[in-house]
Structure formats: C-alpha cells, structure tokens
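>>> output the structure for:
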Amino acid sequence: MPTARAKALLAGDEYANAVRAAHKLAREAGVTAVPFTILGRRLAIPGPATADAYADAITQALTTGDPQ
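Numbering: from 1, shown residues only. Below is the predicted model:
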C-alpha cells in the first residue's frame, strides 16, 4: 500500500463503521482478550493457536455449513 494511502486511512474514518461492527460482534461473542478468532460466526479459537489448529477450525467451519 502506498504510504500516502496508509496515512489517509489512519487519519480518516473510512473503515470506522466496519470496525464498530466487528467490535460489537466480538462483545456479543464474549471476547475479552486477544488474540481471538471467530469463524463462521459460531466457531471460536481463543488465544494463540497453531497453524494446524486454524486449518482444522477452517475445515470444520466450511463443512458444517453457513449459519445464516
């Protein structure tokens, strides 16, 4: 990303609504610390995890269907 674009993003609020929505979702899911990953709005990986743990969780999220 060009430096000017990065500075503009940091100085502006282009992604403010997306950040607020993600923060709200995290609060509703009970997230109180980081790192914390939510997959498919229903599977959670609290704390640090190995690449294998992420791969297994992603596979599970993909094979259990969309919750919506």
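
>>> burial check on P2, number of neighbours?
7 (other Cβ atoms under 10 Å). Where C-beta positions appear, they are placed from N, C-alpha and C, glycine not excepted.

>>> and it, how far is that from E14?
Relative to E14, P2 is positioned 15 Å away (Cβ to Cβ, to the nearest Å).

>>> domain assignment for this protein?
1-30, 32-68 (automatic domain parsing).

>>> tell me the SS of A44?
Following DSSP: H, G, I helix; E, B strand; the rest coil, A44 is assigned to strand.

>>> leaving out chain neighbours, which residue sits closest to it?
Once flanking residues are discounted, A44 sits nearest to I38: 5.4 Å by Cβ to Cβ, 6 or more residues apart in numbering.

>>> what helix or strand is the one you found on?
Following DSSP states H and E, one finds I38 within strand 36-39.

>>> where does D56 fall, secondary structure wise?
Counting by DSSP H and E, D56 is found in helix 51-63.

>>> on contacts alone, who are the packing partners of that helix?
Counting by 3 or more Cβ pairs under 8 Å, 6 or more residues apart in numbering; DSSP states H and E, the packing neighbours recorded for helix 51-63 are strand 36-39, strand 43-46.

>>> give me the number of residues near D52?
So D52, with other Cβ under 10 Å, has 8 neighbours.

>>> can you read off the pLDDT for it?
At D52, the model reports a pLDDT of 95.

>>> from I45, how far out is it?
12 Å.

>>> how far off centre is stretch 13-25?
Here stretch 13-25 is found 11 Å from its chain centre; the criterion is Cα atoms, centre = their mean, to the nearest Å.

>>> could I get the average pLDDT for that stretch?
92.

>>> residue numbering should commence at 150 henceforth.
Noted, 150 is the first residue going forward, which turns the last one into stretch 162-174.

>>> no further questions, thank you.
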